[in-house]
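A.B. asks: quick one, structure for this:
(one chain, ligands or ions: 2)
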Amino acid sequence: MSMISSSSELGFELRMLPFGSSAEAEAALGRSLTAVESFWFWYSAGMHDFWLYAHNIVFLLIVYTIAPLPLAIIELRWPKSIGKYKLQPKVRNPPSAVIRCYKDVVMTFVLAVGPLQILSFPTIKGVGIRTGLPLPSWWEVVAQLVVYFLVEDYFNYWIHRMLHSKWGYQYIHHVHHEFTAPIGFAAPYAHWSEVLILGIPAFLGPAIVPGHIITFWLWMVIRHVEAIETHCGYDFPQTPTKYIPFYGGAEYHDYHHYVGGQSHSNFASVFTYCDYIYGTDKGYRYQKSQLAQLREEWKTAEQEEGIKGNGKLEKDK
Ligand SMILES: [Zn+2]
Ligand SMILES: [Zn+2]
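C.D. replies: Ligands and ions are numbered 1, 2, ... in the order given. Purely as a prediction, here's the structure:
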């Protein structure tokens, strides 16, 4: 039995494009293909949807293993020019901790994330994620990504909050909190069941507003890059995400790891609105205001010391 006929019996067609040639595609669309669409046609016309979807595994593996590397090098070498941005400067993760984290993350990827991608293929097809032409416009992609982020953020918040219950923390979530000062590689560092549970909110957005497979790939990659940035352990002043309204970021999530198991603050993974609405950012805001006050006092004391010192120098002359 061929793969195509068996797939039809399952209720979905695996071959992605119903067009035999780009000319047929242009005739069906009533316009010429763009350069990107021509490339897409050339690349994917003969490819089964399952293999297209499986690209996700490769993209995620690249993000998991390569994207945090520059951050790991910074963590291990800690150049002074960058070290000053470290959020918890007293904590330095040794090479053994970074390597163990990396190995565990790859192991969880092979045993949980990869199989989840494969098993979720019928769901992806079922909710209507398309693979054909036309390709989505940039506006469509951006609008859908915004929806995916908002939906995932909301459900992730509540699941994360439940994982901080006594049972949830003791049996599942404590693994993610082993790094009290997180590093990029530690973003997906978690109990395998947590990785699977948190996969649900990541699928919800695309299930509610299904788009093109390219949008889905982008969503998965951007979401994981965002998680790495949030766990990087550094508050770089030039970070572009600082300009996104209600964005949490590294400093925001670092506080959650710093407090650890007792943390009842900063549960949100991406934006801050859930913590604000449900009042779970009070501890963080209080600590932040206290720190700002202390800094202000130090600054004033330093300035006064400087004036006194200058006065003394004037007298000595
Ligand atoms: Zn937590
Ligand atoms: Zn975390």
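A.B. asks: so where's this structure uncertain?
C.D. replies: Within the chain, the stretches with pLDDT under 70 are 1-18, 307-317.
A.B. asks: select the longest helix from it.
C.D. replies: If you go by DSSP state H, the chain has its longest helix at helix 282-316.
A.B. asks: quick check: buried residues in that helix?
C.D. replies: Residues 283, 284 are the ones in helix 282-316 that count as buried (16 or more other Cβ atoms under 10 Å). The C-beta positions use only the backbone N, C-alpha and C, and glycine is treated the same way.
A.B. asks: can you name every helix or strand that it contacts?
C.D. replies: Contact partners of helix 282-316 among helices and strands, from 3 or more Cβ pairs under 8 Å, 6 or more residues apart in numbering; DSSP states H and E: helix 249-259.
A.B. asks: and the next helix or strand past the helix it packs on?
C.D. replies: On the C-terminal side of helix 249-259, the closest following helix or strand by DSSP states H and E is helix 273-277.
A.B. asks: output that next one in PDB with nothing but the alpha carbons.
C.D. replies: The C-alpha coordinates for helix 273-277 follow below in PDB (Å, rounded to 0.1, in the frame of the first residue of the first chain):
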ATOM      1  CA  TYR A 273       0.100  41.500  32.000                       C
ATOM      2  CA  CYS A 274      -1.000  38.300  33.700                       C
ATOM      3  CA  ASP A 275       1.200  38.900  36.700                       C
ATOM      4  CA  TYR A 276      -0.100  42.400  36.900                       C
ATOM      5  CA  ILE A 277      -3.800  41.500  36.600                       C
END
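A.B. asks: gap between it and the chain center?
C.D. replies: 19 Å (Cα atoms, centre = their mean, to the nearest Å).
A.B. asks: next, the buried residues of that helix.
C.D. replies: By neighbour count on 16+ other Cβ under 10 Å, the buried set for helix 273-277 is 273, 274, 275.
A.B. asks: likewise for stretch 252-270?
C.D. replies: For stretch 252-270, a neighbour-count test (16+ other Cβ under 10 Å) marks 252-259, 263, 265-270 as buried.
A.B. asks: shouldn't residue 65 be in contact with residue 106?
C.D. replies: Yes: taking contacts as Cβ atoms under 8 Å, residue 65 lies within contact range of residue 106: 6.7 Å.
A.B. asks: ok, back up a step: can I get the buried residues of helix 273-277 in TSV including distance to residue 297?
C.D. replies: Formatted as TSV, these follow (distance: Cβ to Cβ, whole Å):
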residue	distance to residue 297
273	32
274	33
275	27
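A.B. asks: identify, from these, the entry nearest to residue 33.
C.D. replies: residue 273 (40.5 Å; Cβ to Cβ).
A.B. asks: name the nearest residue to the closest one, sequence neighbours excluded.
C.D. replies: Leaving aside its sequence neighbours, residue 273 sits nearest to residue 246 (Cβ to Cβ, 6 or more residues apart in numbering; 5.1 Å).
A.B. asks: residue contacts, that neighbour?
C.D. replies: Going by Cβ atoms under 8 Å, 6 or more residues apart in numbering, residue 246 touches 271, 272, 273.
A.B. asks: what do you get for residue 271?
C.D. replies: Residue 271 sits in contact with 149, 150, 153, 246, 247, 248, where contact means Cβ under 8 Å, 6+ apart.
A.B. asks: that one and residue 229, how far apart?
C.D. replies: 14 Å (Cβ to Cβ, to the nearest Å).
A.B. asks: with residue 132 instead?
C.D. replies: The gap separating residue 132 from residue 229 is 33 Å, by Cβ to Cβ.
A.B. asks: ok, and the most crowded of the contacts of residue 271?
C.D. replies: Neighbour counts for these (other Cβ atoms under 10 Å) peak at residue 248, which has 27 neighbours.
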